[in-house]
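Asks: coords please:
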Amino acid sequence: MVFEDIYNSYWQKIFRVCMGYVNDHAKAQDLTQDIFVIVWKNLPTFRKESNIGTWIFRIATNYCLRQIEKDKRIKKSELPLNIKEDNEISIEGQIKQLYQYISSLSEIERIIISLELEDINQAQIAEIVGITPQNVRVKIHRIKQKLTQKFKENAD
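Replies: Got it, this is the predicted structure:
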């Protein structure tokens, strides 16, 4: 395993997971960089008992949770609820809204939906967060309902 290949394969995914936690571009970049330093230092100890991606996502979620605890809730940047462009919400605006809504979820919900958005399969998500695959499916369904409701409430 070459670190550069791992970094190139996972950097954007880990960055988006971090964005789900902090909703702050600069802070997410810092967290992502810190996570890859941890991955690089610990790569020789990777036991190959799971997929390398699962291992990296586990490191990322644990690190983000520790940082949130350490910072006693990282301040989230204030984003406007309705970013409009010619009476339509732009795609970029919708993405910002999505990250804002994700950042308002509970920690476990942020982990699960961030991994789901990265197309991590539900069995891997279950392994990363330590719950059953059935519980992951239920939680994903409920999280999607919450996010959909937030978009509906702010569409007015």
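Asks: Give the residue spans of this structure that score low on pLDDT.
Replies: Low-confidence segments of the chain, defined by pLDDT under 70, span residues 1, 71-91, 156.
Asks: Helices along that one, start to end?
Replies: In order along the chain, the chain carries the following helices (DSSP state H): 3-22, 25-42, 52-71, 91-103, 107-117, 122-129, 133-153.
Asks: Check which helices and strands the last one sits against.
Replies: What it means is helix 133-153. Here helix 133-153 is seen to pack against helix 91-103, helix 107-117, helix 122-129 when contacts are counted using 3 or more CB pairs under 8 Å, 6 or more residues apart in numbering; DSSP states H and E. C-beta: built from backbone N, CA, C; applies to glycine.
Asks: which of the helices of the chain sits most buried?
Replies: When these are scored by mean count of other CB atoms under 10 Å, the highest mean neighbour count falls to helix 107-117 (a mean of 21).
Asks: Just give me how far it sits from the chain centre.
Replies: Its chain's C-alpha centre and that of helix 107-117 lie 6 Å apart, by CA atoms, centre = their mean, to the nearest Å.
Asks: do the same with stretch 30-37
Replies: How far stretch 30-37 lies from its chain's middle: 14 Å, per CA atoms, centre = their mean.
Asks: burial of Glu118, as a residue count?
Replies: Glu118 sits with 17 neighbouring residues when counted by other CB atoms under 10 Å.
Asks: picking that back up, need the helices and strands packed on helix 133-153 in TSV (columns: distance to Gln67).
Replies: Supplementary listing: those in TSV, determined by distance: least, CB to CB, whole Å:
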stretch	distance to Gln67
helix 91-103	13
helix 107-117	11
helix 122-129	17
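Asks: Quick one: closest of those helices to Met19.
Replies: Across those, Met19 has its closest neighbour in helix 91-103 (5.4 Å, CB to CB).
Asks: Report the inter-axis angle for the closest one versus helix 25-42.
Replies: 70 degrees (axes from the mean of the first three to the mean of the last three CA atoms, to 10 degrees).
Asks: ok, and the closest non-adjacent residue to the most centrally placed residue in the chain?
Replies: When the chain is reduced to its mean C-alpha position, the nearest residue by CA atoms, centre = their mean turns out to be Val17, at 2.2 Å. Excluding its sequence neighbours, the residue lying closest to Val17 (CB to CB, 6 or more residues apart in numbering) is Ser114, at 4.3 Å.
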